[in-house]
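Enquirer: Okay, predicted coordinates and the sequence, questions at the end:
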Amino acid sequence: MKEPKEMKILIIDDMPNMVRTIKNMLRHLGYRHTAEAGDGLAAWKILKNDTVDFVIADWNMPNMTGIDLLRKVRLDESLKDIPFLMVTAEVAEETIAEAAETEVDGYIIKPFVAKTLEEKIQKILERRNSPDEVDTCLKLGNVYANSGRLEDALKEYEKALKVRPNNARVYCAMGNAYQQRGEIDEAEKAYRKAIGISPQYLKAHESLAWVYEKKGEKEKAIKSIKEAVKISPKNPDRLIKLGKALLNTGRREEAKEAFDQAVKIDPDSAAGRRIEIGEAFLDMGMAQEAEEVFQRVLGADPNNIEIYNRLGVALRKQGKYRVAIGEYKKALKVDPEDENVHYNLGRTYVQAGMVADAIKEFEESVRLYPDFEEAKIILQTLKEKEQLFKHETR
């Protein structure tokens, strides 16, 4: 374990003055090794290619925010344990909730002085290096749970509860272990207990929503997701999940509102969000809505072959075969040798009753990809029908 003053600290902020200020504070406090990045994307490259022991990141930055970077860090096996101090200009409840759900180690409010920064860093390091008994049991229990040793995991969680009976994190972890064992009712009890102790605990609300979905209690699932959205309204993935749940109960307008909000919150990932939304509409038989979404994506990215394919599906489901044919032909101008486009165009010709044109497209698809079994089967069937028709009309 490195001595604290020998740590390499990554400072991330899009304001150069703020970077210099934090760097000078750290130097004054005795921290000599630092690295700098102007946004989350640049920081991510440093984290993946260099050794960093501690991160100080601004919340709001272009390209990738501090909170989005933290999410990526916590999901990366090699980086997930890096201590992370978030710098924010606000103390709104939703900001604190969003930071907590991503397992931030601490946050500091602008403006701050060197003494406050030093206290925050020391507190984080002390908690990391000397976890209390509850944290130790919880961490070991999670290791057991992740390796499938669920009985051992539950024993560790029980030990933790003997030390601190009202710990929401422990109850949530127990719920997850019960969930993995297929004991859904026990999982529900554990998650509800966690929420009773800590009503703002996002992970427990989301986990409870999963339980209700599993039990087929759709309205209760929606209520749990809405509670999570209310606590932390700036999570686009959660809003997409809410939209899908609302679609499943036929509440289309509410679902559209949730989807729209998800896109507004995360404009840099708007295309990917809209594709997911379009697929959700297709799954629910809302082909016209899917068409509108895919058309919007193509407006921003007219060379996206996959979106042409998905748009074609939405059009075919509405019986708009001629329009679908036109879109597939646009896709072939982008890439004339995409076997999937030829295949889908062939299927559309079949649906439009244009068998000769369909045969040409399936032949081209097989030429481009000789192992394309679906195309070969349809092609053989069409040729057999064509021969039979010719024979019957002689």
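Expert: Yep, it's here.

Enquirer: helix/strand/coil for residue 194?
Expert: Per DSSP: H, G, I helix; E, B strand; the rest coil, the local secondary structure of residue 194 is helix.

Enquirer: Please name the residues that touch it.
Expert: 168, 169, 171, 172, 175, 201, 204 (CB atoms under 8 Å, 6 or more residues apart in numbering). Placement of C-beta: from N, CA and C, glycine included.

Enquirer: List the residues that contact the first one.
Expert: By CB under 8 Å, 6+ apart, the contact list for residue 168 reads 193, 194, 195, 197, 198, 201, 204.

Enquirer: can you check the third one too?
Expert: Contacts of residue 171 were listed using CB under 8 Å, 6+ apart, and they are 161, 190, 191, 193, 194, 197, 204.

Enquirer: Now do it against residue 21, distance only.
Expert: Per CB to CB, to the nearest Å, residue 171 is found 41 Å from residue 21.

Enquirer: quick one: pLDDT of the residue nearest in space to the middle of the chain?
Expert: Nearest residue to the geometric centre of the chain (CA atoms, centre = their mean): residue 237, 5.4 Å. Per-residue confidence (pLDDT) for residue 237: 87.

Enquirer: Report the secondary structure element holding it.
Expert: Assigning secondary structure by DSSP states H and E places residue 237 in helix 236-248.

Enquirer: quick one: buried residues of that helix?
Expert: Applying a neighbour-count criterion of 16 or more other CB atoms under 10 Å, one finds 236, 238, 239, 240, 241, 242, 243, 244, 245, 246, 247, 248 buried in helix 236-248.

Enquirer: hmm, who's touching that helix?
Expert: In contact with helix 236-248 (CB under 8 Å, 6+ apart) are residues 206, 209, 213, 218, 221-222, 225-226, 228-229, 232, 252, 254-256, 258-259, 261-263, 265-266, 269, 273, 276-277, 280-281, 284, 286.

Enquirer: can you do 7 Å?
Expert: Helix 236-248 has contacts (CB atoms under 7 Å, 6 or more residues apart in numbering) with 218, 221-222, 225-226, 228-229, 254-255, 258-259, 261-262, 265-266, 273, 276-277, 280, 284.

Enquirer: What's the first helix or strand after it?
Expert: helix 252-265.

Enquirer: Flag every buried residue along that next one.
Expert: 254, 255, 256, 258, 259, 261, 262, 263, 265.

Enquirer: mean confidence for the helix or strand harbouring residue 55?
Expert: Here residue 55 sits within strand 54-58, counting by DSSP H and E. Strand 54-58 shows a mean pLDDT of 95.

Enquirer: helices or strands next to that strand in the packing?
Expert: strand 8-12, helix 66-75, strand 84-88 (3 or more CB pairs under 7 Å, 6 or more residues apart in numbering; DSSP states H and E).

Enquirer: returning to that earlier point: can you put the contacts of residue 168 in CSV and add pLDDT and distance to residue 29?
Expert: Output for the contacts of residue 168, formatted as CSV (pLDDT from 0 to 100; distance: CB to CB, whole Å):
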residue, pLDDT, distance to residue 29
193, 96, 42
194, 93, 37
195, 93, 40
197, 90, 37
198, 86, 33
201, 85, 34
204, 92, 37
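
Enquirer: And the residues you listed, which is closest to residue 46?
Expert: Closest approach between these and residue 46, by CB to CB: residue 201, at 32.2 Å.

Enquirer: so what's the closest one up against?
Expert: 168, 172, 194, 195.

Enquirer: run the last query once more with 8 Å
Expert: Residue 201 neighbours (CB under 8 Å, 6+ apart): 168, 169, 172, 194, 195.

Enquirer: cool, and residue 175?
Expert: 186, 187, 188, 189, 190, 191, 194, 204, 207, 211.

Enquirer: tell me the SS of it?
Expert: Taking three-state DSSP as the rule, one finds residue 175 in the helix state.

Enquirer: That one and residue 162: what is the separation?
Expert: 18 Å.

Enquirer: Next: residue 185.
Expert: Relative to residue 162, residue 185 is positioned 23 Å away (CB to CB).

Enquirer: And for residue 235?
Expert: From residue 235 to residue 162 the distance is 34 Å (CB to CB).

Enquirer: So which bits of the host helix or strand of residue 307 are buried?
Expert: Element membership for residue 307, per DSSP H and E: helix 305-317. By 16+ other CB under 10 Å, the buried positions in helix 305-317 come out as 307, 308, 309, 310, 311, 312, 313, 314, 315, 316, 317.

Enquirer: Could you do stretch 113-123 as well?
Expert: Applying 16+ other CB under 10 Å to stretch 113-123 flags 117, 118, 120, 121 as buried.

Enquirer: again with stretch 328-341
Expert: Neighbour counts over stretch 328-341 (16+ other CB under 10 Å) mark 328, 330, 331, 332, 338, 339, 340, 341 as buried.

Enquirer: burial count for the nearest residue to residue 89 once chain neighbours are set aside?
Expert: Excluding its sequence neighbours, the residue lying closest to residue 89 (CB to CB, 6 or more residues apart in numbering) is residue 110, at 4.7 Å. Other residues lying near residue 110 total 12 when counted by other CB atoms under 10 Å.

Enquirer: Who are the contact partners of residue 110?
Expert: 87, 88, 89.

Enquirer: what about burial for those residues, which qualify?
Expert: Buried, going by 16+ other CB under 10 Å: 87, 88, out of the contacts of residue 110.

Enquirer: Lowest-confidence entry in the contacts of residue 194?
Expert: Where pLDDT dips furthest among those: residue 201, at 85.

Enquirer: how much space between it and residue 171?
Expert: Taking CB to CB, one finds residue 201 at 9 Å from residue 171.
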